[in-house]
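Peer 1: Turn this into a model:
(one chain, ligands or ions: 1)
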Amino acid sequence: MNLIIQNHAFQYEIEKLVRVFYPHTKIRVTDAPNGEPDCILTAVEPKADGADLLVRACLCGASLEKTAAAFFSDVLDNETNEDYLERKLVLLLFHVLRELTGYTPPWGILTGVRPAKLMSRLVRDWGEEKACAYFTDEVLVSPKKAALASAVAKAEAAILAASRPASFSLYISIPFCPSRCSYCSFVSHSNEAAKRLIPAYMEHLLREIAATGALANALCLRLESIYIGGGTPTALGAEDLTRITDCIRAHFDLSALREYTIEAGRPDSVTKEKLLAIRNGGATRISINPQTFNDDVLREIGRRHSAAQTLDAMALARSLGFDNINMDLIAGLPTDTVESFRGTLETTLALAPENITIHTLALKRAATLVTEQLPVGDAAQTEQMLALAARALTENGYAPYYMYRQSNCIGNLENVGWAKRGRECLYNVYMMEECHTVLACGAGAVTKLCVPLSNNVERIFNFKYPYEYIDRFEELMARKDRVASFYEEEFEGFRE
Ligand code: SF4
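Peer 2: Residues are numbered from 1 along each chain as shown. As a prediction, this is how the structure comes out:
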């Protein structure tokens with residue numbers, strides 16, 4: 001499909017919306033028609049008091065054209081003239097594509113990773129009623145999704161209020177997996193060569209953890225939550241897990257710690273020895289991720305474990321005393337159906353995990369699912385799955401507490417963390433809303449330094465691949481010098 005951009009700089013948002021309606025179509029961006037039968041033209045004709053807007057689409061033999069006049073007198077008080085013209089043009093495109101396809105995306109034209117963060121800001125600026133009206137009237141979010149964003153914003157506000165300026169969380173990345181799932185773009189870390197790097201990786205990781213602990217102590221920071229994720233931390237052996245938890249204990253002050261999570265995501269990597277290492281190491285929260293309880297779908301996504309293995313891992317964890325467990329599910333997986341998803345939900349609810357995270361399948365460019373063009377769930381079916389989940393989870397005493405969206409998610413839909421009352425994962429909220437510093441160790445980890453009472457975030461990126469992390473470790477540690485100078489510059493007056 002050709003996407004023709006004439007006389008405006010809004011290509012990014014326009015292209016994103018086209019991908020919501022046509023997720024599998026290759027898009028070529030040009031500035032003039034070139035005879036390609038499937039094309040969408042978007043054009044802006046500036047005027048003194050606004051602009052004339054045009055969208056013309058010819059797709060699969062059907063065509064539709066709409067025009068609109070935009071007046072700067074209608075600009076909202078949270079937008080510039082440019083933002084306003086962009087919103088108006090994207091809205092016009094939305095109406096054209098909705099009419100041509102018969103599909104209404106539930107998030108309207110709202111793009112961006114953090115809808116709840118936007119909702120929180122608008123509620124602060126305008127109050128709840130006007131903020132919700134912006135969602136439904138100005139960016140055409142469905143009332144249900146606006147209510148979801150509002151509910152998440154409220155849950156997050158309560159958690160964020162407990163974070164102090166000197167609070168921080170510690171994230172540790174274990175970038176290894178037992179094998180690679182077909183929907184994941186986590187390319188080389190699950191092959192045999194990568195696994196041979198584990199001993200050297202561990203040595204460097206322990207050094208980075210120790211140095212981060214020394215830094216946090218010197219700055220008198222207050223560790224509130226720890227999250228060890230990946231990859232799959234339980235791809236490591238019990239001994240290595242213990243070395244990590246011992247290292248944390250030796251180098252950090254854990255007296256203010258309120259949460260300690262270690263992901264045990266892949267059921268085929270869970271053993272009694274590893275769970276005991278996690279428990280004895282001090283972690284109180286784990287994640288065991290079924291994704292689906294349908295064995296055919298598990299095979300289709302190359303997950304290399306069965307539904308029975310998930311049930312066994314969960315029973316083992318409960319028998320060892322874990323009473324705070326998250327389970328991840330994915331809506332829109334290849335060959336999954338609404339009925340099979342309902343079965344997955346019922347099985348998950350029967351296990352009564354404290355958290356259930358419902359993801360929408362994201363079509364990541366490097367994932368086998370995309371490179372081999374495996375058929376995935378369509379937007380309408382995936383939306384049905386999410387609606388089913390929202391109903392069932394609410395009826396079973398779970399409430400939504402954090403939410404994010406990834407690019408190229410089916411239907412531009414969302415990922416939502418649901419929790420039983422009082423069991424919300426603090427780290428998820430801190431990490432997502434970016435109002436609380438996260439010091440991060442390991443390959444691919446990103447340290448986020450947050451300025452108190454502002455939206456300013458500074459990031460320090462660790463090298464992505466384990467071999468780079470090992471080879472360029474000193475360079476990476478030098479980058480971390482910025483942590484101390486950041487606190488010296490930004491925290492004057494915020495000391496507790
Ligand atoms: S276990 Fe998770 S991180 Fe590892 S390949 Fe599968 S989806 Fe990706």
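Peer 1: List the buried residues in stretch 72-84.
Peer 2: Val75, Tyr84 (16 or more other C-beta atoms under 10 Å). To be clear about C-beta, it is placed using only N, CA and C from the backbone, and glycine gets the same treatment.
Peer 1: first vs last residue of it, how far apart are they?
Peer 2: 8 Å (C-alpha to C-alpha, to the nearest Å).
Peer 1: chain center to it, what's the gap?
Peer 2: 29 Å (C-alpha atoms, centre = their mean, to the nearest Å).
Peer 1: which other residues reach it?
Peer 2: Contacts with stretch 72-84, where a contact means C-beta atoms under 8 Å, 6 or more residues apart in numbering, come from Ala9, Asp49, Gly50, Ala70, Arg87, Leu122, Asp125, Tyr134, Glu138.
Peer 1: Ramachandran coordinates for the residue nearest the centre of the chain?
Peer 2: Most central in the chain under C-alpha atoms, centre = their mean is Tyr404, positioned 4.7 Å from the mean C-alpha point. Backbone torsions for Tyr404, taken as degrees, to the nearest 10, come to phi -150, psi 160.
Peer 1: which helices and strands sit right next to the lowest-mean-pLDDT helix or strand in the chain?
Peer 2: One helix or strand of the chain scores below all others by mean pLDDT, DSSP states H and E: helix 192-195, with a mean of 77. Helix 192-195 makes packing contacts with no helix or strand when contacts are defined by 3 or more C-beta pairs under 8 Å, 6 or more residues apart in numbering; DSSP states H and E.
Peer 1: Compute the number of surrounding residues for the closest residue to the ligand within the stretch 1-150 of the chain.
Peer 2: Ranked by C-beta to the nearest ligand atom, the top residue of the stretch 1-150 of the chain for proximity to the ligand is Val113, at 18.7 Å. For Val113, the count of nearby residues is 14 (other C-beta atoms under 10 Å).
Peer 1: returning to that earlier point: check the contacts of stretch 72-84 for burial and list the buried ones.
Peer 2: Buried among the contacts of stretch 72-84 (16+ other C-beta under 10 Å): Gly50, Ala70, Arg87, Leu122, Tyr134, Glu138.
Peer 1: which ones are touching the fifth one?
Peer 2: Read it as Tyr134. Leu76, Asn78, Leu122, Trp126.
Peer 1: Just name the closest of those residues to Ala350, please.
Peer 2: Leu122 (38.5 Å; C-beta to C-beta).
Peer 1: okay but that closest one is in contact with Glu129, surely?
Peer 2: No. Shown here, Leu122 and Glu129 do not form a contact pair, counting by C-beta atoms under 8 Å, at 10.5 Å.
Peer 1: Now do the contacts for the residue nearest to the centre of the chain.
Peer 2: Counted by C-beta under 8 Å, 6+ apart, Tyr404 has contacts Val113, Arg114, Glu414, Asn415, Met432.
Peer 1: and what of Gly112?
Peer 2: Applying C-beta under 8 Å, 6+ apart, the residues near Gly112 are Leu118, Arg405.
Peer 1: Domain boundaries for this protein, per the record?
Peer 2: 1-103, 158-488 (automatic domain parsing).
Peer 1: OK, now which residue of the stretch 351-496 of the chain is nearest to the ligand?
Peer 2: Ala367 (8.9 Å).
Peer 1: what's the pLDDT at that residue?
Peer 2: As summarised for this prediction, Ala367 has a pLDDT of 86.
Peer 1: Could you do the one 10 residues further on as well?
Peer 2: In this model, Gly377 is scored at 81, pLDDT.
Peer 1: That one contacts Ala331, correct?
Peer 2: Yes. Gly377 is in contact with Ala331 according to C-beta under 8 Å; the separation is 7.0 Å.
Peer 1: Enumerate every residue touching the nearest residue to Glu224 once chain neighbours are set aside.
Peer 2: Nearest non-adjacent residue to Glu224, counting by C-beta to C-beta, 6 or more residues apart in numbering: Ser167, 4.8 Å away. Going by C-beta under 8 Å, 6+ apart, Ser167 touches Leu221, Arg222, Glu224, Ala256, His436, Thr437.
Peer 1: So what sits opposite Ser167 in the bridge?
Peer 2: Arg222 (DSSP bridges).
Peer 1: Look up how far Glu129 lies from it.
Peer 2: 32 Å (C-beta to C-beta, to the nearest Å).
Peer 1: what does Ile248 give?
Peer 2: 45 Å.
Peer 1: Compare neighbour counts for the two and give me the winner.
Peer 2: Ile248 (26 against 9).
Peer 1: Okay, and that one sits in which element?
Peer 2: Mapping Ile248 onto the secondary structure by DSSP states H and E places it in helix 238-251.
Peer 1: Report all helices and strands that that helix contacts.
Peer 2: strand 167-174, helix 198-218, helix 272-280.
Peer 1: now it against helix 272-280, angle please.
Peer 2: Taking axes from the mean of the first three to the mean of the last three C-alpha atoms, to 10 degrees, one finds helix 238-251 and helix 272-280 inclined to each other by 10 degrees.
Peer 1: Restricting to C-alpha, output helix 238-251 in CSV.
Peer 2: As requested, the backbone C-alpha atoms of helix 238-251 are provided in CSV (Å, rounded to 0.1, in the frame of the first residue of the first chain):
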residue,chain,number,x,y,z
ALA,A,238,19.8,-22.8,41.7
GLU,A,239,23.4,-22.0,42.6
ASP,A,240,23.6,-19.0,40.4
LEU,A,241,20.3,-17.7,41.6
THR,A,242,21.7,-18.0,45.2
ARG,A,243,24.8,-16.1,44.2
ILE,A,244,22.7,-13.2,42.9
THR,A,245,20.4,-13.0,46.0
ASP,A,246,23.5,-13.3,48.3
CYS,A,247,25.2,-10.5,46.4
ILE,A,248,22.1,-8.3,46.8
ARG,A,249,21.9,-9.1,50.5
ALA,A,250,25.6,-8.3,51.0
HIS,A,251,25.6,-5.0,49.2
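Peer 1: For that helix, what is the distance to the chain centroid?
Peer 2: 27 Å.
Peer 1: in its sheet, what does the next helix or strand after that helix sit against?
Peer 2: Elements were assigned by DSSP H and E; along the chain past helix 238-251, the next helix or strand is strand 259-263. Taking DSSP bridges as the criterion, strand 259-263 sits next to strand 222-230 (parallel), strand 285-287 (parallel) in its sheet.
Peer 1: close to the ligand, is whichever helix or strand comes after the shortest one?
Peer 2: Meaning strand 285-287. Next along the chain after strand 285-287, taking DSSP H and E as the criterion, comes helix 295-300. No. On the criterion C-beta under 6 Å from any ligand atom, helix 295-300 is out of touch with the ligand, staying 11.4 Å away.
Peer 1: Over to stretch 230-243?
Peer 2: Yes. Judged by C-beta under 6 Å from any ligand atom, stretch 230-243 comes into contact with the ligand at Gly231, Thr232.
Peer 1: neighbour-wise, which of Gly377 and Ala331 wins?
Peer 2: Ala331 (29 against 24).
Peer 1: so what's that one bridging to?
Peer 2: Beta-bridge partners of Ala331, as defined by DSSP bridges: Thr360.
Peer 1: Many thanks, have a good one.
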